[in-house]
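Student: Got a sequence here, can you build the structure:
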Amino acid sequence: MATSLLFAREEYSRRNPALLVSGSHPQLLCKTLEAQQCLTEAAWSGADALARMEQKRFDVVLLDSKLPDLDAEEVRQLIKLHQPDLPVLFLDFATGKLLSAEPVSGPAQQVLQVLQQTSSDAALEATHEPELETPAPRPDPIVEPLPSMVGFSPAMTELYRLARKVARRDATVLLQGESGTGKELVAQAIHQLSARGKSPLVTINCAAIPEALLESELFGYARGAFTGAVQSKLGRIHAAHGGTLFLDEVGDLPLSMQAKLLRFLQEGEVQRLGSVDIFRVDVRVIAATNADLRERIKRGEFRQDLYYRLSVFPIQIPTLKDRPQDILPLAEHFLTQLCRRAKMPLKMLHPSVHTFLQQQAWPGNVRELQHAVERAFILADEDPTLRPEYFTLQ
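Tutor: As a prediction, the model looks like this:
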């Protein structure tokens, strides 16, 4: 039986996919592995590799040490979360040198032997090649903010970059961050930027719906399924067909519902309460939580297998404390919005407010800042300038 191998290679050219590998060694490696009956599949980034692993299983994962989107070690750790026994090898695709090799057995041993031999051959060939001029490093591209989001701090730029990359895929996304950081805005942006952007985005707050009603809300019910079910109803999952299902506060799902959600994620099928009919549903899932799901797994409050299904592509949303450069732009943005809604002339922040706002801890994050600006706007009344005394922070 042929060994399957997944490549995650550095993206050197967006315009010409045939040249996505630097130099001749990676191409030679692919040919050599195929000659040894190794089935290879290419992924052009770390996110792409994680998305492909959601669809298929591989015997070996070979990561470029310099991925274009994620840190290679972080990708390795994510892979190990899902498949602890899956060998993950690092390779410098520019030189063909094998950088790390963990203990392997079975079909993966064949791949490791080929890699080690190819790496040695590449190093030997390199000694006979003329020294080439090192190309100038490419400048980091400017990442456009996500729709409806404000801020250019490094933490937010990284968030924009990851969200835009995963938006092009159908991989399940887990948004993690404190309350008030804007997880729902990120979910909306990923949906809007995806191929599903013109299809429904259906949101369900897992913490706001009583456990007794949650199953019927998610999966729907047939007429007569329970007292009061006078007509059939489609669930939120079915309503999101062709689009995106956003599961907010997914960490608060009851254990009984976690099992049913896991089955849907595995099978892509929905069965309404009181019905024997099963429907296949095409839905992209984005989940969000402010809870530490790993800690809840330890306490037996959250299923580990469901966590693996949801965290194919995790994104951490920064707190406002982690992005102090964005406090003033956000405050000015909220103030402009308030003035426009009230159809009033634009108000200004007094210079003394700048220091005042940046000195606050903002435990409630962006939501707390937004509410503080709104209170100040109301207290200022006809005053064209918002002063520190108008900010009644709690």
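
Student: Going by C-alpha atoms from here, please, whenever you check contacts or count neighbours.
Tutor: Noted.

Student: then stretch 211-227 to PDB, C-alphas only?
Tutor: Extracted as PDB, the C-alpha positions of stretch 211-227 are listed here (Å, rounded to 0.1, in the frame of the first residue of the first chain):
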ATOM      1  CA  GLU A 211     -31.100  23.400  27.400                       C
ATOM      2  CA  ALA A 212     -34.600  22.000  26.800                       C
ATOM      3  CA  LEU A 213     -35.100  24.200  23.700                       C
ATOM      4  CA  LEU A 214     -31.600  24.100  22.300                       C
ATOM      5  CA  GLU A 215     -31.900  20.800  20.400                       C
ATOM      6  CA  SER A 216     -35.100  22.000  18.600                       C
ATOM      7  CA  GLU A 217     -33.500  25.300  17.800                       C
ATOM      8  CA  LEU A 218     -30.400  23.700  16.300                       C
ATOM      9  CA  PHE A 219     -32.000  20.700  14.500                       C
ATOM     10  CA  GLY A 220     -35.600  21.700  14.100                       C
ATOM     11  CA  TYR A 221     -38.700  19.500  14.800                       C
ATOM     12  CA  ALA A 222     -41.500  17.800  13.100                       C
ATOM     13  CA  ARG A 223     -45.200  18.500  13.700                       C
ATOM     14  CA  GLY A 224     -46.400  16.700  16.800                       C
ATOM     15  CA  ALA A 225     -42.800  16.100  18.100                       C
ATOM     16  CA  PHE A 226     -43.900  17.600  21.400                       C
ATOM     17  CA  THR A 227     -46.800  19.500  23.000                       C
END
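
Student: How far away from the center of its chain is that stretch?
Tutor: Distance of stretch 211-227 from the chain centroid (C-alpha atoms, centre = their mean, to the nearest Å) equals 30 Å.

Student: in that stretch, what counts as buried?
Tutor: Across stretch 211-227, burial judged by 16 or more other C-alpha atoms under 10 Å covers 214, 215, 216, 217, 218, 219, 220, 221, 222, 225.

Student: now residue 314, which residues is it bridged with?
Tutor: For residue 314, the beta-bridge partners are residue 174 (DSSP bridges).

Student: Count the neighbours of it for me.
Tutor: 19 (other C-alpha atoms under 10 Å).

Student: Ok, residue 350 next?
Tutor: By other C-alpha under 10 Å, 13 other residues sit near residue 350.

Student: can I assume it is in contact with residue 387?
Tutor: Yes: between residue 350 and residue 387 there is a contact at 5.4 Å, judged by C-alpha atoms under 8 Å.

Student: buried residues in stretch 198-214?
Tutor: Quick answer for stretch 198-214 (16+ other C-alpha under 10 Å): 200, 201, 202, 203, 204, 206, 207, 214.

Student: Tell me which of the residues you listed fall in helices.
Tutor: Of the buried residues of stretch 198-214, the ones assigned to helices by DSSP state H are residue 214.
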